[in-house]
Each structure stands twice: as structure tokens, then as C-alpha cells.
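J.: okay, sequence plus prediction incoming.
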Amino acid sequence: MKRISFIAMIVLLGFAAICLFWPRTVELPKLAAIDDPQLPSITGDTDAFSSGKPKLVAFYYTQCPDVCPMTVIDLLSLQETLEGKDVPENDYHVILITLDPEVDTVDRIKQYKNQFDITSGNWLFLRGTVEQTEEVTNQFKMVFQKDRDGQIVHGTTMYVLDDENQIRAVHDMNTGQAAVNVEQIAEHIETLIK
């Protein structure tokens with residue numbers, strides 16, 4: 001497990017270095033392509049990744065005590081920031097994929113969504129089977145592991161995808177050490193919309 005964590009950390013640092021030092025006047029790099037995961041949303045739709053819009057993808061689970069809820073709060077600030085830049089919510093998606101579909105039922109995810117007063121239609125909460133979840137995390141090279149107590153140790157990377165599901169940037173979730181870089185994500189989403 002330590003070796004996997006070390007490798008994941010090296011990969012994440014590499015992506016972060018690319019994002020930090022890549023000149024802003026240059027197009028965002030194409031880091032990897034994601035096949036169109038057919039994960040259903042809590043409303044039953046399966047076209048989240050085929051919407052033809054840029055998207056921010058983050059992984060979470062409803063019992064997460066810290067990183068996930070702090071990140072959701074920051075992502076609400078992202079939405080406000082984009083609204084302030086006259087970027088309509090219809091132009092992009094915020095996609096949250098549960099890592100714990102056995103516990104995170106549709107009703108539980110709806111309660112989680114309501115807890116944060118998320119009413120915007122561009123926020124999509126996805127919940128697949130355990131197998132589908134593993135397939136999509138493998139595509140994103142996102143490492144996670146559930147322990148006997150139901151706690152999940154997971155990577156803290158979020159992904160900005162373009163309209164063709166190419167990963168164009170990676171960002172850190174709110175780990176308590178630093179908030180989400182809302183301004184930079186907003187810039188990346190704006191770049192991909194133009």
C-alpha cells in the first residue's frame with residue numbers, strides 16, 4: 001500500500017508541476033483521455049460524460065469526515081466565482097462520484113446534496129456499482145481503499161476535463177492544509193469553454 005501511495009504521490013506531483021509551470025498563454029495540456037463512463041447519476045441519467053461540456057470531476061463518499069465536505073464547500077465557491085465571471089452554469093458540469101456505492105444509496109446522496117443546499121442543475125452526483133466505481137477510478141488512476149470500519153482512504157486529486165473527456169488539468173481537494181484553488185480552476189474551465 002505504501003508503494004502505491006508513493007507512486008500515486010509522484011504522479012500527482014508531476015501533474016501539479018505541469019499545471020503550475022505551464023504558461024497561461026498556451027493551451028492546457030492533454031494529460032490523458034477518459035472513456036465515457038456509463039455511471040448513472042442519482043436521477044438515473046447516464047450521459048454526464050457525454051454532455052459535450054467541460055467538467056470538474058471529484059471523488060467523494062458521504063461519510064468522509066473532512067476532505068470531501070470541505071472540498072464541496074470550496075466547489076460551491078467555485079460556482080460563485082464562475083457566476084461572477086459571467087460563466088453560466090449550463091456551460092460546465094461539476095461531477096461528484098461516490099467511492100462507496102454500497103453505503104451511499106441514492107437517498108443518502110440526495111441528503112448529502114441537500115445538506116450543502118446544492119440546487120444547481122450542473123452538479124451531477126454519480127453512483128455506479130462497486131465494479132463500475134473501480135473501473136472509473138482506474139481510468140483516472142485514482143487510488144482508494146476501504147477499511148473494515150468503513151472509512152475510505154482516497155487520493156485527493158480533482159480533474160478538469162474538456163468537452164471530449166481529455167484530462168486537461170488536475171487540482172488538489174481541500175485537505176485542511178489548503179483550500180481548493182478556486183481561481184485557477186475557474187480559469188481552466190473558462191479556457192475550455194472558449
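T.: Sure, I can see it.
J.: show me where this protein has its helices.
T.: Using DSSP state H, the helices of the chain run over 2-21, 67-84, 106-115, 130-140, 182-193.
J.: out of the ones you listed, which comes closest to Leu39?
T.: Ranking these by proximity to Leu39 (C-beta to C-beta) places helix 130-140 first, at 5.7 Å. In this view, the C-beta of every residue, glycine as well, is placed from N, C-alpha and C.
J.: quick one: buried residues of that closest one?
T.: Gln132, Thr133, Val136, Thr137, Phe140 (16 or more other C-beta atoms under 10 Å).
J.: between those, which is nearest Ile34?
T.: Phe140 (6.8 Å).
J.: test my guess that the closest one contacts Ala58.
T.: No - assessed by C-beta atoms under 8 Å, Phe140 is found out of contact with Ala58, at 10.2 Å.
J.: what is in contact with those two at once?
T.: Residues touching both Phe140 and Ala58 (C-beta atoms under 8 Å, 6 or more residues apart in numbering) are Tyr159.
J.: still on that earlier bit, mean pLDDT and distance to Gly155 added to the helices of the chain, as a markdown table?
T.: Shown next, in a markdown table, are the helices of the chain (pLDDT from 0 to 100; distance: least, C-beta to C-beta, whole Å):
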| stretch | mean pLDDT | distance to Gly155 |
| --- | --- | --- |
| helix 2-21 | 57 | 6 |
| helix 67-84 | 95 | 10 |
| helix 106-115 | 97 | 20 |
| helix 130-140 | 94 | 9 |
| helix 182-193 | 94 | 17 |
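J.: can I get those in TSV with distance to His93?
T.: Listed next are the helices of the chain as TSV, based on distance: least, C-beta to C-beta, whole Å:
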stretch	distance to His93
helix 2-21	20
helix 67-84	11
helix 106-115	14
helix 130-140	15
helix 182-193	10
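J.: to Val170, which of those helices lies closest?
T.: Closest among the helices of the chain, using C-beta to C-beta: helix 2-21, at 4.1 Å.
J.: now the buried residues of helix 130-140 in a markdown table, with distance to Ile97?
T.: Listed next are the buried residues of helix 130-140 as a markdown table, based on distance: C-beta to C-beta, whole Å:
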| residue | distance to Ile97 |
| --- | --- |
| Gln132 | 10 |
| Thr133 | 7 |
| Val136 | 6 |
| Thr137 | 8 |
| Phe140 | 9 |
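J.: which pair in these spans the largest distance?
T.: Once C-beta to C-beta is applied, the buried residues of helix 130-140 give Gln132 and Phe140 as the farthest pair, at 12.9 Å.
J.: need the pLDDT of Pro88.
T.: On pLDDT, Pro88 comes in at 93.
J.: from Gln177, how far out is it?
T.: As for Pro88, its distance to Gln177 is 32 Å (criterion: C-beta to C-beta, to the nearest Å).
J.: who's more crowded, the two?
T.: Pro88 (10 against 7; other C-beta atoms under 10 Å).
J.: of the buried residues of helix 130-140, closest to Ile185?
T.: Closest to Ile185, out of all of these and judged by C-beta to C-beta, is Phe140, at 16.4 Å.
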